[in-house]
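Q: 3D model of this:
(2 chains)
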Amino acid sequence: MPDRMTAKTVPIVTEPDVIIARQMGRSLASRLGFSVIDQARITTAISELARNIINYGVRGSVTFCGIKGERGEGIEIRFDDVGPGIPDVAKAMSHGYSSKSGLGVGLPGSRRLMDDFDLRTAPGEGVHIVVRKWL
Amino acid sequence: MASNFPILRLGRTLIVPLMGDLDDRLVLELQGEILGRIEKTAAAGLILEVSALDFVDSFMARVLNDLTTMAGLMGTKTVVVGLSPTVATILMELGLALAKIPTARDLEKGLAFLNRLIEEEDGVGDPDAG
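A: Numbers count the residues shown, from 1 in each chain, chains lettered A, B, ... in the order given. This is a model prediction of the structure:
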């Protein structure tokens, strides 16, 4: 279990909150010393997953913290929502699902952008995602 | 003509730098302005200049796709200009290749590409002409 520095939580209720979460994530990633391209990966993953909260999760929150563990230092971001959950996770995670319109690449895309990706969901119990990226 | 967004005109081409944080509302406004300007100026080309964007997510990719499609419906050709290596990498990793949108490395090349397309189209004779 990595050590966590003080965590910060941003409520995600409306679209502007996605932008706030993004900026906070980028700022933390920059302070932690991530490269420019990794900052962009982290920012993009936050944007995708926070938008999913707005689009599918009714509302929720994003929580950031710096972490220290066996793999060194990094960033950990949690996404929690109160929506209906994902009925078919395998389908949602398969690349190409609805990707024509740009929708649906959020989950598999974010998994590719980050190092660790953990998703928990159950019908009626929302979606809870934890992603990590290591320096 | 005042506008919330910078929309530059060069000959028959409109140049729109995309910047800042766009949300759904601003995107709708921007789409409306661009289409209005295309109609007003009979623009044959549209350049979406994205060098100010330091990342492009699926939302922005869809904005670019939609703008290209809408402009196309009005007979206008679109080129995206200014994708940085960072953004190109991330688009690939996200699994979005922007396959349907022509891109060019910089503004000059984008304009040259559009002008060639426009000239080719102008060169086609009007079948109804006497």
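
Q: So for stretch A:85-103, mean pLDDT?
A: Stretch A:85-103 carries an average pLDDT of 70.

Q: Check stretch A:53-65 too.
A: Rounded mean pLDDT across stretch A:53-65 is 94.

Q: That one: how far from the chain's middle?
A: 9 Å (CA atoms, centre = their mean, to the nearest Å).

Q: And stretch B:41-61, by the same measure?
A: Centroid separation between stretch B:41-61 and its chain, computed with CA atoms, centre = their mean, is 5 Å.

Q: That stretch: end-to-end distance?
A: In stretch B:41-61, first residue to last residue: 26 Å (CA to CA, to the nearest Å).

Q: quick one: is that stretch near chain A?
A: Yes - if you take CB under 8 Å from any CB of the partner chain as the test, stretch B:41-61 does meet chain A, through B:54, B:55, B:56, B:57, B:58, B:59, B:61. Glycine gets a C-beta too; all of them are placed from N, C-alpha and C.

Q: Report the secondary structure state of the residue lying closest to residue B:103 once chain neighbours are set aside.
A: Counting by CB to CB, 6 or more residues apart in numbering or on different chains, residue B:103 lies nearest to residue B:80, which is 4.7 Å off, once chain neighbours are set aside. Following DSSP: H, G, I helix; E, B strand; the rest coil, the label given to residue B:80 is strand.

Q: So residue B:80 is in contact with residue B:64, correct?
A: Yes - look at residue B:80 against residue B:64 with CB atoms under 8 Å: they come within range, at 6.0 Å.

Q: what touches both of the two?
A: B:48, B:50, B:98, B:101 (CB atoms under 8 Å, 6 or more residues apart in numbering or on different chains).

Q: Report the distance from the top helix by length along chain A to the chain centre.
A: The longest helix of chain A (DSSP state H) is helix A:36-56. Distance of helix A:36-56 from the chain centroid (CA atoms, centre = their mean) equals 6 Å.
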